[in-house]
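Peer 1: Build me a model from this:
(one chain, ligands or ions: 1)
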Amino acid sequence: MGVRRRAAVAGLLSAMLAVAGCGNDGSSSTHEVDARGPITFVTQKDNSGVLPFIADKWNKAHPGEKVTIKQQSDQADQQLSDFEQHFQAKDPGYDVITVDVVWTAEFAARGWIIPLTGQHKLDTSKLLPATVTSATYNGKLYAAPYGADGGLLYYRTDLTKKAPTTWDQLTGACKGKTTAGTITGAKPACYAGQFAKYEGLSVNAAEAINAAGGSIVGRDGRSATVDSAQSSAGLDFLVKGFKDGYIPKEALGFQETQSLNAFESGQLMFMRNWPYGVAVLNGKGSKVKGKFAVAPLPGPSGHGASTLGGHNLGISAYSKHKATALDFLKFIESDTVQRNNLTVGTLAPVLTAMYSDPALTAEFTYLPDLLKSIQTAVPRPITPFYPGVTEAIETNTYAALQGQMSTQQALKSMQAAIKSATAGG
Ligand code: GLC
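Peer 2: Now for the predicted structure:
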């Protein structure tokens with residue numbers, strides 16, 4: 001476990017006790033301040049170009065309670081560490097924050113975001129159930145679903161007419177059309193996802209493992225179940241990919257942006273990524289504009305399952321303008337914002353009705369596939385000890401992908417590390 005994460009987990013138990021002591025129901029002193037006024041919304045880098053619309057719309061309607069948007073980096077781990085630093089400093093300047101689905105439990109357990117109950121209640125009846133669950137901890141809603149995320153397979157329609165449904169079909173389709181082992185060859189490389197050592201690697205590893213019938217933790221969300229023959233078969237798709245060259249070596253440094261850049265410049269035949277990539281790849285300067293499509297992720301014997309991703313908006317316990325913050329959360333659930341997020345940024349809406357809206361399904365023909373990807377997506381473990389769990393997945397997967405450990409050694413070591421990460425609670 002990295003130093004930062006070790007410290008984070010160590011401080012967590014006492015934070016959880018402190019929160020339990022004050023009821024954790026919105027009644028503690030930090031939750032009482034409920035005034036109105038300007039707010040700051042801190043969120044990940046806007047690669048989708050949707051934030052100006054949100055800021056303009058809100059600010060025109062709320063001249064006395066304007067929102068200032070602070071953009072973080074586009075890297076999941078950097079966003080998390082920025083939030084951890086500001087919350088530890090009890091910064092009142094971070095009113096509304098974007099909570100990755102895997103941070104909900106930790107932020108809630110530490111008392112950093114307030115429950116959306118009582119006077120802060122939010123109507124969730126129109127939202128996709130999976131997104132509501134992703135924002136819920138210990139039976140309470142802590143954040144407002146903002147953007148769902150389901151993984152998709154991007155493929156080059158000029159190189160293959162049909163999307164593969166299995167891993168064998170995918171590697172088979174690459175034969176003769178790709179360069180093995182690198183993105184710098186005369187032909188594109190076969191496949192890449194996100195394989196740098198960060199949160200996205202846990203996402204990709206879990207997808208491979210789940211697709212082959214394996215699992216990482218049990219239904220209780222904490223017991224380690226990853227050391228199995230099924231998990232081994234799943235992880236091997238990625239390990240063999242690097243060994244046999246259907247995944248280029250450069251992908252060991254890929255987060256979302258780098259994999260998208262490689263696909264955009266024609267260096268990949270297949271790519272796993274989130275829905276926002278569609279708008280970027282159709283944008284100016286894209287070499288694959290009009291030459292790609294998206295489909296469900298493949299698996300060993302038919303479609304695999306995505307890892308559930310996504311972001312929700314939480315209200316900081318240290319915000320001095322929580323009433324305004326709550327109205328901002330309601331605003332981001334509106335048809336106007338969600339429709340703009342989809343039409344401008346191809347971000348997956350959280351409003352169920354949008355997936356059967358005739359105007360939208362006509363323009364975005366893959367919406368049914370996307371809905372299926374989200375509805376069948378497998379959540380990552382919902383535990384305040386998630387930082388330790390993801391560290392266990394990342395470190396050992398990365399070692400296996402680099403060929404420093406066999407797949408089986410990696411899974412054994414992952415199993416032990418998950419056990420010790422979740423043993424505290
Ligand atoms: C996307 C997902 C998020 C995930 C991250 C990993 O932003 O929405 O859930 O943790 O990618 O990089």
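
Peer 1: tell me the SS of I247?
Peer 2: coil (DSSP: H, G, I helix; E, B strand; the rest coil).

Peer 1: List the residues that contact it.
Peer 2: Neighbouring residues of I247 by CB atoms under 8 Å, 6 or more residues apart in numbering: 189-192, 195, 238, 241. (Each C-beta comes from the backbone N, C-alpha and C, glycine too.)

Peer 1: where's it relative to A205, distance?
Peer 2: Remark: distance between I247 and A205 (CB to CB, to the nearest Å) = 13 Å.

Peer 1: what touches both of these two?
Peer 2: Shared contacts of I247 and A205 (CB under 8 Å, 6+ apart): L238.

Peer 1: Which ones among the contacts of I247 lie within helices?
Peer 2: Applying DSSP state H to those, the entries found in helices are 238, 241.

Peer 1: So which residues on the stretch 201-350 of the chain come close to the ligand?
Peer 2: Remark: the part of the stretch 201-350 of the chain in contact with the ligand comprises 203, 256, 274, 309-311, using CB under 6 Å from any ligand atom.

Peer 1: For I69, give me phi and psi.
Peer 2: phi -100, psi 130 (degrees, to the nearest 10).

Peer 1: okay but it is in contact with Q44, surely?
Peer 2: No. The criterion here is CB atoms under 8 Å, and I69 misses it with Q44 at 10.9 Å.

Peer 1: From the neighbour counts alone, determine which of the two ranks first.
Peer 2: More crowded of I69 and Q44, by other CB atoms under 10 Å: Q44, with 19 against 16.

Peer 1: tell me the contacts of that one?
Peer 2: Going by CB under 8 Å, 6+ apart, the list of residues near Q44 reads 71-74, 76, 79, 98, 311.

Peer 1: how much space between whichever residue of the chain sits closest to the ligand and L347?
Peer 2: Nearest residue of the chain to the ligand (CB to the nearest ligand atom) works out as G309 at 2.9 Å. Here G309 is placed at a distance of 11 Å from L347 (CB to CB).

Peer 1: and if you look at A353?
Peer 2: In this view, A353 and L347 are 16 Å apart by CB to CB.

Peer 1: Tell me which of the two has more neighbours.
Peer 2: Neighbours per residue (other CB under 10 Å) separate A353 from L347, with L347 holding more: 24 against 11.

Peer 1: sorry, back to before: export the residues of the stretch 201-350 of the chain next to the ligand to TSV and tack on secondary structure?
Peer 2: Formatted as TSV, those follow (three-state DSSP):
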residue	secondary structure
V203	helix
E256	helix
W274	coil
G309	strand
G310	strand
H311	strand
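
Peer 1: With adjacent residues omitted, what lies nearest to A35?
Peer 2: Nearest-residue entry for A35: H321, 5.6 Å, with adjacent residues in sequence omitted and distances by CB to CB, 6 or more residues apart in numbering.

Peer 1: Tell me, how many residues neighbour that neighbour?
Peer 2: Other residues within reach of H321, judged by other CB under 10 Å, total 23.

Peer 1: cool, A105 as well?
Peer 2: Number of residues near A105 (other CB under 10 Å) recorded here: 20.

Peer 1: is the ligand contacted by whichever strand or helix holds it?
Peer 2: Using DSSP states H and E, A105 falls within helix 104-109. No. If you take CB under 6 Å from any ligand atom as the test, helix 104-109 misses the ligand, and the best it gets is 10.5 Å.

Peer 1: So L153: helix, strand or coil?
Peer 2: With three-state DSSP as the basis, the three-state label of L153 is strand.
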